[in-house]
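Student: Provided below are the primary sequence and the corresponding predicted coordinates.
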Amino acid sequence: MFDWRRKEEWWQLLRYYAAGAINVSFGYILFALLVWLGLQVYVAQLVGHVLGVLFNYFTYSRFAFAGQESSKASFAVSYIGTYFLGLAGLWLALKFIPSPYGAGLASTIAVSLINYFILKRLVFRAPAGA
């Protein structure tokens, strides 16, 4: 759980969003490039998401949650879940935002907010004995 009174929690959240800004930029630029190259929007999202998972694991494990134990399997499973959230978000966003670029960005931002708590609670843990 997030303890809003602890300064360390706020620093971790700040590191998460700093890494997240890099991750979102990477993922969105990749998505937009794939759409621009002619890939169908949902295929572009899938490819971008898979490549983004690999990129995100390194940024989060080495920066945002540095020093914490993690499970690559749990990380992968969490991203399977966030993929489906993103897919649903993209579908919903496309109902209101006609541009695939804008809809993809809106979906990406919404899912990134949920992702922090998933990673904090289910993937990254304090080392045993800490």
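Tutor: Done, it's in.
Student: quick check, central residue of this protein?
Tutor: Centre of the chain computed as the mean C-alpha position; nearest residue by CA atoms, centre = their mean is Ser112, 4.6 Å away.
Student: okay, and that one sits in which element?
Tutor: Applying DSSP states H and E as the criterion places Ser112 in helix 100-118.
Student: that helix packs against which elements?
Tutor: Applying 3 or more CB pairs under 8 Å, 6 or more residues apart in numbering; DSSP states H and E, one finds that helix 100-118 makes contact with helix 7-36, helix 41-59, helix 72-96. (Glycine included, C-beta is placed from N, CA and C.)
Student: 6 Å - rerun?
Tutor: helix 7-36, helix 72-96 (3 or more CB pairs under 6 Å, 6 or more residues apart in numbering; DSSP states H and E).
Student: now the ones you listed in TSV, with distance to Arg121 and mean neighbour count?
Tutor: Compiled in TSV, those are given as follows (distance: least, CB to CB, whole Å; neighbours: other CB atoms under 10 Å):
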stretch	distance to Arg121	mean neighbour count
helix 7-36	13	16
helix 72-96	10	16
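Student: which residues of this structure score low on pLDDT?
Tutor: 1-4, 129-130 (pLDDT under 70).
Student: and if we set it to 80?
Tutor: For the chain, applying pLDDT under 80 flags the ranges 1-6, 9, 49, 112-113, 126-130.
Student: that older thread, show me what the next helix or strand after the helix holding Ser112 is packed up against.
Tutor: On the C-terminal side of helix 100-118, the closest following helix or strand by DSSP H and E is strand 124-125. Packing partners of strand 124-125 (3+ CB pairs under 6 Å, 6+ apart): none among the helices and strands.
Student: coming back round to it: can you tell me, leaving aside adjacent residues, what's nearest to the residue nearest to the centre of the chain?
Tutor: In this structure, Ser112 finds its nearest non-sequential neighbour in Gly20, 5.4 Å apart by CB to CB, 6 or more residues apart in numbering.
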